[in-house]
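**Q** One predicted model, sequence on top.
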2 protein chains.
Amino acid sequence: MLTSRPLILISNDDGVTAKGINELVRMLHQSNDIIVMAPDSPRSGSAAAITSQTFVNYSHVHHEKGVEIYQCSGTPVDCIKLALDTVVPRIPDLIIGGINHGDNSAVNVHYSGTIGIVLEGCMKGIPSIGFSVCDHNPDADFSHTIPYIQRITQETLHHGLPKGICLNVNFPTNPPYKGIKICRQTIGRWEQEWCKCKNPRSNEDLYWLTGNFTNYEPEKQDNDKWALEQGYVAITPTQIDMTAYSIMEELHKWKLD
Amino acid sequence: MLTSRPLILISNDDGVTAKGINELVRMLHQSNDIIVMAPDSPRSGSAAAITSQTFVNYSHVHHEKGVEIYQCSGTPVDCIKLALDTVVPRIPDLIIGGINHGDNSAVNVHYSGTIGIVLEGCMKGIPSIGFSVCDHNPDADFSHTIPYIQRITQETLHHGLPKGICLNVNFPTNPPYKGIKICRQTIGRWEQEWCKCKNPRSNEDLYWLTGNFTNYEPEKQDNDKWALEQGYVAITPTQIDMTAYSIMEELHKWKLD
């Protein structure tokens, strides 16, 4: 593998055969060396989960000039951890999660395996980006994302990112896109989350996770949901430090000791 | 169930039979009504993962005065989501994750199923606390945590917590504890994370997740790792908003459009 070109480590949570990750490799492999280590099956909603109760393993599934693709039995975060300790010839210049089939804006950052990848890369001190399109279709059209992904990748390789900060990039449902907005994470929550069904054999109740997202600040024009609804590509810079500094003084007044 | 007493919804990631969660119920049930919905098996390292590829179900496993215990086939976050939509008679006054067998300070917040529970409760607008002891022993001694957990729970019920903020409480390995410190999340990362073994039947390489935590700021006296090492109970207020506001101005200077 050429070492003069940037090395990008890619994973996703839709699995190694998903269209999104394979389109991403196609968009980036001409200017970069690529290593993919992705889950061997869909792992949507994995967050930053790690495999703690059993082992994981991996295998090599594809080689072409400048592109090596591996699949792993573990979670998206396992994939990054394992790739960094096994298959990379050197520390990657960039880690990318995606392209995810589905929206990772707002509080979805907490559930998203794509963002788990990005947080893991960031914790390892490597600039990291998540790309997601607001379209769950397995055959989603990613063609309009190409110039954006190439430019955001290029600029991130050029500027780097401060320690502890990564980028969460979401594309609206319908192209053409109006441009880019730098956003903050929308405040809101999921509601009516369960679809109750019956096991037709045992008559037992089964629950499938679904739900509707309620945006608590639909009028605000600086958050990622607003940008997406207006047709902009939303870049939400995201940080590892989750400390709620704003309440520290107040907590000192509580009768805790 | 009495409605004049506070209602606390409890889950964990060590599973419904773990000592930690059952000790927690014992500590709190005299002053509060308790509903437990916990995973039917260990789910350590689940983060805020949700079950997206299949259904989940739950069953009632124990009843005593003021205490109802359910087990669920899903992740810790599924447990909270499902309990809120099925078994609770009203919105709980508090959600607790724990007591976790193991340290959830520093970047462990991102991997922890216990913290997944707490973030989920917080996203639902309910004051939420995670309790963890820095001791993985399944038979860990929780007796020294009792006065602290009762007081922190009482104070949180009394004061409430601002929207989007929850508490991550960690107890040091060795009691007696020196008191409480309000902390920020320690900066550091896990390294040497994989233990490579052989499948004795196929000779295939297998990887078990392990690792050592490297603290990047061991000299700082305001973070949770420092507090725990000094013998203090560490309370790290934690927030849902992960936006990296500090880099937003800089990103506007990038050539993205």
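**A** Ah, there it is.

**Q** outside of stretch A:63-71, which residues touch it?
**A** A:1-2, A:5, A:16, A:25, A:29, A:32-40, A:58-62, A:83, A:87 (Cβ atoms under 8 Å, 6 or more residues apart in numbering or on different chains). Heads up, the C-betas are built off the backbone N, CA and C, glycines and all.

**Q** Output it as PDB, nothing but the C-alphas.
**A** Provided in PDB are the C-alpha atoms of stretch A:63-71 (Å, rounded to 0.1, in the frame of the first residue of the first chain):
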ATOM      1  CA  HIS A  63      -8.600  -6.600  -2.200                       C
ATOM      2  CA  GLU A  64      -8.100  -4.100  -5.000                       C
ATOM      3  CA  LYS A  65      -5.400  -1.500  -5.600                       C
ATOM      4  CA  GLY A  66      -5.300   0.700  -2.500                       C
ATOM      5  CA  VAL A  67      -8.400  -0.900  -0.900                       C
ATOM      6  CA  GLU A  68      -8.500  -3.700   1.600                       C
ATOM      7  CA  ILE A  69     -11.900  -4.900   3.000                       C
ATOM      8  CA  TYR A  70     -12.400  -6.900   6.100                       C
ATOM      9  CA  GLN A  71     -15.500  -8.100   7.900                       C
END
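
**Q** quick one: average pLDDT of it?
**A** Across stretch A:63-71, the average pLDDT comes to 96.

**Q** tell me which residues in it are buried?
**A** Buried residues in stretch A:63-71, counted by 16 or more other Cβ atoms under 10 Å in any protein chain shown: A:66, A:67, A:68, A:69, A:70, A:71.

**Q** if we take those residues, which one ends up nearest to chain B?
**A** residue A:70 (12.4 Å; Cβ to the nearest Cβ).

**Q** Could you check how far that closest one is from residue A:138?
**A** 22 Å (Cβ to Cβ, to the nearest Å).

**Q** returning to that earlier point: keep only the contacts of stretch A:63-71 that also lie close to chain B.
**A** residue A:58 (Cβ under 8 Å from any Cβ of the partner chain).

**Q** Can I get the buried part of the contacts of stretch A:63-71 as one ChimeraX selection?
**A** Command for ChimeraX, covering only those of the contacts of stretch A:63-71 found buried under the criterion 16+ other Cβ under 10 Å:
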select /A:16,25,29,32,33,34,35,36,37,38,39,40,58,83,87
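
**Q** where along the stretch 151-257 of chain A do the helices fall?
**A** In the stretch 151-257 of chain A, the helices defined using DSSP state H, counting those that start in this stretch lie at A:224-229, A:248-252.

**Q** Which of the ones you listed has the highest mean neighbour count?
**A** Mean neighbour count (mean count of other Cβ atoms under 10 Å in any protein chain shown) peaks for helix A:224-229 among these, with a mean of 23.

**Q** now for it, which elements pack on it?
**A** strand A:165-171, strand A:233-239 (3 or more Cβ pairs under 8 Å, 6 or more residues apart in numbering or on different chains; DSSP states H and E).

**Q** and the first one, how far from the chain's centre?
**A** The gap between the average C-alpha position of strand A:165-171 and the chain average comes to 8 Å, counting by Cα atoms, centre = their mean, to the nearest Å.

**Q** Over to stretch A:16-33?
**A** 15 Å.

**Q** Could you do stretch A:178-185 as well?
**A** Using Cα atoms, centre = their mean, the offset of stretch A:178-185 from its chain centre is 16 Å.

**Q** Can you give me the buried ones in that stretch?
**A** For stretch A:178-185, using 16+ other Cβ under 10 Å, the buried residues are A:180, A:181, A:182, A:183, A:184, A:185.

**Q** Distance to residue A:111 and pLDDT for those - can I get that in CSV?
**A** Supplementary listing: these in CSV, determined by distance: Cβ to Cβ, whole Å; pLDDT from 0 to 100:
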residue, distance to residue A:111, pLDDT
A:180, 24, 98
A:181, 23, 98
A:182, 23, 98
A:183, 18, 98
A:184, 18, 98
A:185, 13, 98
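
**Q** Out of the residues you listed, list just those in strands.
**A** Mapping the buried residues of stretch A:178-185 onto strands (DSSP state E) picks out A:180, A:181, A:182.

**Q** In this structure the first one contacts residue B:254, no?
**A** No - Residue A:180 is beyond contact range of residue B:254, at 9.2 Å (criterion: Cβ atoms under 8 Å).

**Q** So residue A:7 sits against residue A:92, correct?
**A** Yes - using Cβ under 8 Å, residue A:7 makes contact with residue A:92 at a distance of 4.7 Å.

**Q** Overlap of the contact sets of these two?
**A** residue A:35.

**Q** How about the contacts made by residue A:113?
**A** So residue A:113 contacts A:12-13, A:39, A:43-47, A:49, A:75-77, A:97, B:49 (Cβ under 8 Å, 6+ apart).

**Q** For the residue most central in space within chain A, what are phi and psi?
**A** Taking Cα atoms, centre = their mean, the centroid of chain A lies closest to residue A:114, which sits 2.3 Å from it. For residue A:114, the backbone dihedrals (degrees, to the nearest 10) come out as phi -60, psi -50.

**Q** Then residue A:35?
**A** According to degrees, to the nearest 10, residue A:35 has phi -120, psi 130.

**Q** low-confidence ranges in the stretch 1-150 of chain A?
**A** By pLDDT under 70, the weakly predicted segments of the stretch 1-150 of chain A are A:1-3.

**Q** I'd guessed residue A:246 sits against residue B:162; true?
**A** Yes - contact criterion Cβ under 8 Å: residue A:246 and residue B:162 qualify, at 7.5 Å.

**Q** Give me the more crowded residue out of those two.
**A** Relative neighbour count places residue B:162 above the other of residue A:246 and residue B:162, with 15 against 12, counting by other Cβ atoms under 10 Å in any protein chain shown.

**Q** distance between the ends of stretch A:40-51?
**A** 14 Å (Cα to Cα, to the nearest Å).

**Q** re the thing from before, let's see which of the contacts of residue A:113 end up in helices.
**A** Cross-referencing those against helices under DSSP state H gives A:76, A:77.

**Q** picking up where we left off before, from the buried residues of stretch A:178-185, list the ones also adjacent to chain B.
**A** A:180, A:182, A:184, A:185.

**Q** Export the residues you listed to a markdown table and append columns for distance to residue B:126.
**A** As requested, these are arranged in a markdown table below (distance: Cβ to Cβ, whole Å):
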| residue | distance to residue B:126 |
| --- | --- |
| A:180 | 35 |
| A:182 | 31 |
| A:184 | 23 |
| A:185 | 20 |
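
**Q** Would you map the strands across the stretch 101-250 of chain A?
**A** A:128-133, A:165-171, A:180-182, A:188-191, A:194-198, A:205-209, A:212-215, A:233-239 (DSSP state E, counting those that start in this stretch).

**Q** rewinding a little: quick check: which of the helices of the stretch 151-257 of chain A is nearest to residue B:238?
**A** Set against residue B:238 and scored by Cβ to Cβ, the helices of the stretch 151-257 of chain A come closest in helix A:248-252, at 11.4 Å.

**Q** helices or strands up against the closest one?
**A** Counting by 3+ Cβ pairs under 8 Å, 6+ apart, helix A:248-252 packs on strand B:180-182, strand B:233-239.

**Q** ok, now with 6 Å
**A** strand B:180-182 (3 or more Cβ pairs under 6 Å, 6 or more residues apart in numbering or on different chains; DSSP states H and E).

**Q** Note down every partner strand of the strand it packs on and its orientation.
**A** strand B:233-239 (parallel) (DSSP bridges).

**Q** got the residues of the stretch 101-250 of chain A near chain B?
**A** Contact residues (Cβ under 6 Å from any Cβ of the partner chain) of the stretch 101-250 of chain A with chain B: A:107, A:109-111, A:119, A:123, A:155, A:165, A:179-180, A:182, A:184-185, A:189, A:193-194, A:206-209, A:237-239, A:241-244, A:247-248.
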